[in-house]
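A.B. asks: kindly return the folded structure for what I paste below:
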Amino acid sequence: MTDWVFLVALVLSSLLAIWRGGRPERLCAAVLIAASVLSPLTQSDFVSVEYGIGLVDVALLVFLITLALRSNRYWPMFAAAFQSVGVLVHFVKAVDLDLDPGGYADVLVFWSYLILASLAIGSVLEGQKE
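C.D. replies: Below is the predicted model:
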């Protein structure tokens, strides 16, 4: 069920970025879609550290930080901050292997929703200002 909710949120925020956003919003939507496709291809059972998802998350963080530094918008800073917390969760799992697998997965998904919200809000508030 949560997979469908995330998919709907991803599609809606991406469509909003295409409709109302400028180049940064559209580029971010494309990268978020790519990360959302790659992550499930690399995941296992969340019992141990998800190195594949971690690599995708680090690459997404690098992109969001670069976008925040190069664009004239504020929302990428929030998205990068949310993504950095998601990346840190992988380090927490590496330190505490007893961390509940369901909680590990849920925390990663939670921060992803906030990134999508940042994109959507940024598309509405700052879109087409280029």
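A.B. asks: tell me the pLDDT of M1.
C.D. replies: M1 carries a pLDDT score of 56 in this model.
A.B. asks: mean confidence for stretch 82-93?
C.D. replies: 95.
A.B. asks: what about that stretch, distance to the chain center?
C.D. replies: Here stretch 82-93 is found 11 Å from its chain centre; the criterion is CA atoms, centre = their mean, to the nearest Å.
A.B. asks: got the buried residues for the helix or strand hosting D57?
C.D. replies: Using DSSP states H and E, the element containing D57 is helix 51-70. For helix 51-70, burial by neighbour count (16 or more other CB atoms under 10 Å) applies to I53, G54, V56, D57, L60, L61, F63, L64, I65, L67, A68. (C-beta placed from N, C-alpha, C; glycine too.)
A.B. asks: name the surrounding residues that touch whichever helix or strand comes after it.
C.D. replies: The first helix or strand that comes after helix 51-70 along the chain, using DSSP H and E, is helix 75-95. The contact list for helix 75-95, computed with CB atoms under 8 Å, 6 or more residues apart in numbering, reads 24, 28, 48-50, 53-54, 57-58, 60-61, 64-65, 67-68, 99, 104, 107-108, 111-112, 114-115, 118-119, 121-122, 125-126.
A.B. asks: how close does the residue of the chain positioned farthest from its centre sit to I53?
C.D. replies: No residue in the chain sits farther from the centre than D98, which is 24.8 Å out by CA atoms, centre = their mean. Remark: distance between D98 and I53 (CB to CB, to the nearest Å) = 19 Å.
A.B. asks: kindly report the same for A117.
C.D. replies: 20 Å.
A.B. asks: rewinding a little: I'd like the buried residues of helix 51-70 as JSON lines, with pLDDT appended.
C.D. replies: Output for the buried residues of helix 51-70, formatted as JSON lines (pLDDT from 0 to 100):
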{"residue": "I53", "pLDDT": "95"}
{"residue": "G54", "pLDDT": "95"}
{"residue": "V56", "pLDDT": "97"}
{"residue": "D57", "pLDDT": "97"}
{"residue": "L60", "pLDDT": "98"}
{"residue": "L61", "pLDDT": "98"}
{"residue": "F63", "pLDDT": "98"}
{"residue": "L64", "pLDDT": "98"}
{"residue": "I65", "pLDDT": "98"}
{"residue": "L67", "pLDDT": "98"}
{"residue": "A68", "pLDDT": "97"}
